[in-house]
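Visitor: Can you look at this prediction? I've put the sequence above it.
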Amino acid sequence: MTLDLTRVATQTLSADATLDDRRISVHLAGTADNETRAELAVYVEKLHAEAVRHGVAAVELDLRKLEFMNSSSFKILVAWLAQIRDLGPSSQYKLTIRSDPSLLWQRRSLAALSCFAVNLVTIET
């Protein structure tokens with residue numbers, strides 16, 4: 001099984017994913033801001049479609065090398081969680097976010113994100 005998902009590689013943002021068994025692992029690095037918002041939105045949309053298509057049990061999102069994410073890009077993650085939450089119970093998948101607690105934006109924003117979908121999101125430091 002392979003993912004039909006093109007890697008993001010801009011000057012400031014990279015995103016790459018792998019599929020292993022019933023889990024997708026995603027690594028974001030760099031900066032997610034207004035310049036990369038469109039690429040991130042398309043990437044997350046396709047990522048969600050691939051997760052549903054493969055019937056994965058979980059997606060692991062590694063943000064430890066993501067230095068900054070502005071509110072417009074963060075809204076993409078909120079919308080993604082809403083999509084997961086709106087799936088039927090048998091199609092939902094868990095989202096585990098690996099974070100860097102030394103990055104202030106991650107400590108603040110990811111705590112709020114975990115409250116948005118308590119049963120679906122786990123934040124790991």
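Guide: Thanks, I have it.
Visitor: make it CA atoms for all contacts and neighbour counts henceforth
Guide: Fine.
Visitor: Show me which positions of the longest helix along the chain end up buried.
Guide: Determined from DSSP state H, the single longest helix within the chain is helix 37-54. Residues of helix 37-54 classed as buried by neighbour count (16 or more other C-alpha atoms under 10 Å): 37, 39-41, 43-48, 50-52, 54.
Visitor: what does stretch 21-28 rub up against?
Guide: Contact with stretch 21-28 is made by 13-19, 51, 54-66, as judged by C-alpha atoms under 8 Å, 6 or more residues apart in numbering.
Visitor: Dihedrals phi and psi, Leu13?
Guide: Per-residue torsions, Leu13: phi -140, psi 140 (degrees, to the nearest 10).
Visitor: how about the nearest residue to it once chain neighbours are set aside, what does it touch?
Guide: By the measure of C-alpha to C-alpha, 6 or more residues apart in numbering, the closest residue to Leu13 outside its immediate chain neighbours is Gly30, 4.6 Å from it. Contact analysis of Gly30 by C-alpha under 8 Å, 6+ apart lists 12-14, 65-68.
Visitor: Gly30 should be in a helix, yeah?
Guide: No. Counting by DSSP: H, G, I helix; E, B strand; the rest coil, Gly30 is located in no helix; its state is strand.
Visitor: Does Asp33 touch Glu67 like I think?
Guide: No. Taking C-alpha atoms under 8 Å as the definition, Asp33 is not a contact partner of Glu67, at 10.6 Å.
Visitor: Using the three-state scheme, assign Asp16.
Guide: Per three-state DSSP, Asp16 ends up strand.
Visitor: Thr10 is in contact with that one, correct?
Guide: No. Counting by C-alpha under 8 Å, Asp16 sits too far from Thr10 to count as a contact (11.8 Å).
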